[in-house]
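**Q** Here's a sequence, model it:
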Amino acid sequence: MPGEITIYTDGAASGNPGPGGYGVVLIYGKHRLEKSEGFKLTTNNRMELMAVIVGLEALKIPGSKVVIYTDSKYVADAVEKGWVFQWETKAFKKKKNPDLWIRFLKIYRTHKVRFVWIRGHSNNLENERCDRLAVSAYSNPVLLEDSGYNPESEDNKLL
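**A** Numbers count the residues shown, from 1 in each chain. As a prediction, this is how the structure comes out:
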């Protein structure tokens, strides 16, 4: 079994909703992998969660021990405080981003994952790198469709 893998994540959106992206840095010993992608229309929380999912999906060995550093209270608290598991028992009724939470739980359960919340924009080198990756991703002229985001959904209305 390999040693602990460290994953840093960040998501960003220009407008909420608006163009958005995620950035991920995976570190294992001397190895490092950076991932990012941008979307035409999405939300910050979707990108925060997408970053975590993509980071975990990049792992090759099931049962890996992982520490995820995120500046997203939405993601960290949902998992560490057990909220997402309660949402799951209620089929995510009246919860935002059920498509991503379902995808997250599928990959989360294949590893030993712990979340650590870190304050964003507080000079954490890897978190700042993830932020730059996320912003650069949504600034790209070619953006993907966030097929799970539905701005017409009652769950996504801001008011």
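**Q** Tell me which stretches of the protein form helices.
**A** Ranges of helices in the chain, per DSSP state H, are 44-57, 73-80, 83-89, 98-108, 125-139.
**Q** Between helix 44-57 and the last one, find me the angle.
**A** Relative orientation of helix 125-139 and helix 44-57, computed by axes from the mean of the first three to the mean of the last three Cα atoms, to 10 degrees: 110 degrees.
**Q** What residues sit buried inside helix 125-139?
**A** Buried positions in helix 125-139, judged by neighbour count with 16 or more other Cβ atoms under 10 Å: 126-131, 133-135, 137-138. Where C-beta positions appear, they are placed from N, C-alpha and C, glycine not excepted.
**Q** ok, now stretch 41-60?
**A** For stretch 41-60, using 16+ other Cβ under 10 Å, the buried residues are 41-56, 59.
**Q** ok, now stretch 28-35?
**A** Buried, per 16+ other Cβ under 10 Å, within stretch 28-35: 28, 35.
**Q** Quick one: residues in contact with it.
**A** 2-3, 5-6, 22-26, 54-55, 58, 129, 133 (Cβ atoms under 8 Å, 6 or more residues apart in numbering).
**Q** again with stretch 54-67
**A** Stretch 54-67 has contacts (Cβ under 8 Å, 6+ apart) with 1-7, 9, 22, 24, 26, 33, 35, 37, 68, 104, 107-108, 110-116.
**Q** From those residues, list just the buried residues.
**A** Using 16+ other Cβ under 10 Å, the buried ones in the contacts of stretch 54-67 are 5-7, 9, 22, 24, 26, 35, 37, 68, 104, 107-108, 111, 113, 115.
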